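[1] Let's see this in three dimensions:
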Amino acid sequence: MPATTKTIDDYLKRLSDQQRTALEKLRRDIQAAAPSATECISYDIPGFRVGKRLLVSFGATKNHCAFYPGAHHIRALADEVAGYDLAKGTIRFPAGKPLPSRLVKKLVRARLAQYSE
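    Model prediction:
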């Protein structure tokens, strides 16, 4: 995405319908789990902040969508994320198979708890 992307809506407009649908669902799930978090663009991808700290991010590439909840939480929920394409701090998934709301909310709440410690 170009560096001129200023909002999550701008970012989503540039995606395929399937990617947009998957990431809009992810966005809603994040908002439900962290209603006080604010939307942002960080490193040219959508994210949510709590205060000045980046909570989580998400995005899309040509071949997949991705959710970035942090490496610690992915390791902590290894059984629940098994079967997804994982990298340090990243869960990749096909646009046609969005992440389950329950999993997203659990990861976001774990991240919020980490920030409140």
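[2] Could you use CA atoms for every contact and neighbour count after this?
    Will do.
[3] and the longest strand belonging to the chain, what's its mean pLDDT?
    Secondary structure of the chain per DSSP state E: the longest strand is strand 53-60. Across strand 53-60, the average pLDDT comes to 96.
[4] which residues are in contact with it?
    Applying Cα atoms under 8 Å, 6 or more residues apart in numbering, the external contacts of strand 53-60 come out as 15, 19, 23, 37, 42, 45-49, 65-70, 108, 111-112.
[5] Secondary structure class of the nearest residue to Glu39 once chain neighbours are set aside, three-state.
    Leaving aside its sequence neighbours, Glu39 sits nearest to Phe48 (Cα to Cα, 6 or more residues apart in numbering; 4.5 Å). Three-state call for Phe48 (DSSP: H, G, I helix; E, B strand; the rest coil): strand.
[6] Could you double-check that Phe48 lies in contact with Ala33?
    No - counting by Cα atoms under 8 Å, Phe48 does not reach Ala33; the two are 11.3 Å apart.
[7] More neighbours: which of those two?
    When Phe48 and Ala33 are compared on other Cα atoms under 10 Å, the one with more neighbours turns out to be Phe48, at 24 against 19.
[8] And the buried ones among the contacts of strand 53-60, selectable in PyMOL?
    Entered in PyMOL, the line below selects the buried ones among the contacts of strand 53-60, by 16 or more other Cα atoms under 10 Å:
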select buried, resi 15+19+23+37+42+45+46+47+48+49+65+66+67+68+69+70+108+111+112
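[9] Narrow the contacts of strand 53-60 to those in strands?
    Taking DSSP E, the ones among the contacts of strand 53-60 that sit in strands are Ser42, Ile45, Pro46, Gly47, Phe48, Arg49, Cys65, Ala66, Phe67, Tyr68.
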